[in-house]
Structure formats: structure tokens, C-alpha cells
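*Asks:* Pasted the sequence and its predicted model underneath.
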Amino acid sequence: MITLFSTPKDFIGIFKIIQTNALRSWRHLSPDIQIIIMGDSQGSYEMAEEIGAEFIPNIRCSKEGTPLLSDLFRQAKIKARFSIMTFINADIILPVNFLNAVNIAAKRFNQFLLIGHRWDMDVNTVVDFQDSQAANHFWESAANKSQKHPCTGIDYFVFNKGLWKSLPDFIIGRPGYDNWLIWNIRRRLLPVIDASEIINVVHQNHDYNFHNVKNRKGRDTGNETKVNIKLHKGKLLNILDATYKIVSNEIIKKTNSDEI
């Protein structure tokens, strides 16, 4: 089994809908996986109670109150009961074959980082994933209406519990930290696996009017983004830089001619 951890935004407005969908989809994968909800955002405790997740309210944040990647990973590692962990954004709906892809990677490598594309979609209502008819309808809609995001959109990271001893104080939700994580693993000559061909994760579209930003431009150019730039120093890779990919439930080494 695996440990999933995430830090949601306040459960208000559209974020109440999309984060409820995301977290319920994680629990729908299995009653036995460990889910850790981190941070004291409005509604997080109640959602943790609903889905049987563990709750860590106190995490280190930036001067502007945004969680730090280093502390999220540090605390999750201490709390994790399983050797495989997943850091995931709280707006991502996972398909039922997610655990299968994780198992494929874990059987092949002792240490790895598994990532993949996301598929963007407008979702405006709560989905009952426990209802097979409602779940089937959602995934049929996703197959027809969602759009594959470019290779820079990286919303989940599956990895071995001891893969990182420590991490820089990147500010989450600001550009660069995700690309640096891939660079770091490639730098260490460890496998980076792209699971996009068998996992279609759904990113539920939303605005960028939350916390201390008002729009996407503010997110991408503000002071917190400048902090991340100083930390990553341009050492950035994306999904296309994965060294392996999963095809037909098998891991194969990518070639220079591969286009994902």
C-alpha cells in the first residue's frame, strides 16, 4: 500500500467542490491506503474525518503563509506507515488503476520517482465515486472532454520513503519546485518514470484567486516565486525528461525519439 499526502486550500467556493472530489477519489482507491491531510486550511479537518485521513495542522510556511515543501515532506515521512509515498495536489482526481501503476514501478526499482501528465477538465459538481454509475459517467466525460496538459504540469510524485533526506524550502504552488524535484533525481542517476500512458489523472480547472494571490500572473511573478527561483537556480526538468515510461503494464526505457 501507499501513503498519500497533500495540503489543501480552504474548502470554500469551487475549491470545496474540486477538493472534495479529489480526496474522495483517493479514498475510493482502497480503504487501506494512508492519507495525510496537512495544514489548517478551512474544512481540512472535517474532510480528514470524513475520509479517514490523518490530520497534521501545523506546518512551516513562508512569510506570506504558504506551506513549505521541505516541512510537508519531512512531517509526512515521519508519519508515513508505508514505504511508497505520494505527494499530490488536492485538485487531482485519481483513476482506479493508479495503485497498479505504483506497484509496477515498485516491483522494478528499489528507488524511483514516478510522475505523469494530467488531463484538465471543468468540474462544477460533487461526484459520488462510491456510486458506480456516477463514477462511470464521470470517467466517460473525462475521456471525451478533458484536455492533456503540457509537459510542465506535474501534479503528483510517487517515490520511495527515503528518496530525499531533506529538501530546500521551496514554496508550494509557486513555479519551479516540481521541475527541480525531477532534476534532482536525474542528477542522482535514479529512474524517473512517466506513467502517462496508463494513468489519466484529472485536474479540475479553477481560478487563481486564493490565499495571497489574485490571479495566475500574481502567482507566477510574485515574491514567493522569486524565492523559488533563488532556490532552484534554473535547474529545471519536466515530464519529457523521464528516463522510463510504463507501456502496457511494463516499464521500458525511453529513447531519444520518444515523444510523450
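*Replies:* Structure's in. What do you need?
*Asks:* immediately after the lowest-mean-pLDDT helix or strand in the chain, which helix or strand?
*Replies:* Least confident element among the helices and strands of the chain, by mean pLDDT, DSSP states H and E: helix 216-221 (a mean of 56). Once the chain leaves helix 216-221, the next helix or strand it forms, by DSSP states H and E, is helix 223-232.
*Asks:* How far does that next one sit from its chain's centre?
*Replies:* 20 Å (CA atoms, centre = their mean, to the nearest Å).
*Asks:* Residue numbering should commence at 6 henceforth.
*Replies:* Got it, first residue is 6 now, which makes that one helix 228-237.
*Asks:* Let me see the mean pLDDT of it.
*Replies:* The predicted model gives helix 228-237 an average pLDDT of 95.
*Asks:* Buried residues of it, list them for me.
*Replies:* 229-230, 232-233, 236-237 (16 or more other CB atoms under 10 Å). Every C-beta, even on glycine, is put in place using the N, C-alpha and C of the backbone.
*Asks:* how about the residues you listed in JSON lines, adding distance to I23?
*Replies:* Below are those laid out as JSON lines (distance: CB to CB, whole Å):
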{"residue": "E229", "distance to I23": "22"}
{"residue": "T230", "distance to I23": "23"}
{"residue": "V232", "distance to I23": "27"}
{"residue": "N233", "distance to I23": "24"}
{"residue": "L236", "distance to I23": "28"}
{"residue": "H237", "distance to I23": "28"}
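*Asks:* mind listing the strands for the stretch 56-205 of the chain?
*Replies:* Under the criterion DSSP state E, counting those that start in this stretch, the stretch 56-205 of the chain contains strands at 59-61, 89-93, 97-98, 118-120, 123-126, 152-153, 161-165, 197-199.
*Asks:* Just checking: what are the partner strands of the fourth one?
*Replies:* Pointing back at strand 118-120 there. Strand pairing for strand 118-120, determined by DSSP bridges: strand 161-165 (antiparallel), strand 197-199 (parallel).
*Asks:* can you put these in a markdown table and add mean pLDDT and distance to W188?
*Replies:* Formatted as a markdown table, the strands paired with strand 118-120 follow (pLDDT from 0 to 100; distance: least, CB to CB, whole Å):
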| stretch | mean pLDDT | distance to W188 |
| --- | --- | --- |
| strand 161-165 | 98 | 13 |
| strand 197-199 | 98 | 10 |
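*Asks:* is it possible to export these to TSV including mean neighbour count and distance to H33?
*Replies:* Below are the strands paired with strand 118-120 laid out as TSV (neighbours: other CB atoms under 10 Å; distance: least, CB to CB, whole Å):
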stretch	mean neighbour count	distance to H33
strand 161-165	21	16
strand 197-199	23	24
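*Asks:* Which among these is found nearest to S137?
*Replies:* Using CB to CB as the measure, strand 161-165 is the one of the strands paired with strand 118-120 that comes nearest S137, at 24.3 Å.
*Asks:* which stretches of the stretch 106-255 of the chain form helices?
*Replies:* Under the criterion DSSP state H, counting those that start in this stretch, helices of the stretch 106-255 of the chain are mapped to 137-150, 182-192, 221-226, 228-237.
*Asks:* Could you say which of those is packed most deeply?
*Replies:* Among these, the stretch with the highest mean neighbour count (mean count of other CB atoms under 10 Å) is helix 182-192, at a mean of 21.
*Asks:* That one: how far from the chain's middle?
*Replies:* 14 Å.
*Asks:* Please provide the alpha-carbon coordinates for it, formatted as PDB.
*Replies:* Below are the C-alpha coordinates for helix 182-192, written out as PDB (Å, rounded to 0.1, in the frame of the first residue of the first chain):
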ATOM      1  CA  TYR A 182       9.800  23.200  -7.200                       C
ATOM      2  CA  ASP A 183       8.200  20.400  -9.100                       C
ATOM      3  CA  ASN A 184      10.700  20.700 -12.000                       C
ATOM      4  CA  TRP A 185      13.600  20.800  -9.600                       C
ATOM      5  CA  LEU A 186      12.500  17.600  -8.000                       C
ATOM      6  CA  ILE A 187      12.800  15.800 -11.400                       C
ATOM      7  CA  TRP A 188      16.200  17.500 -12.000                       C
ATOM      8  CA  ASN A 189      17.400  16.300  -8.600                       C
ATOM      9  CA  ILE A 190      16.500  12.700  -9.300                       C
ATOM     10  CA  ARG A 191      18.000  12.700 -12.800                       C
ATOM     11  CA  ARG A 192      21.100  14.300 -11.300                       C
END
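*Asks:* Thank you, goodbye.
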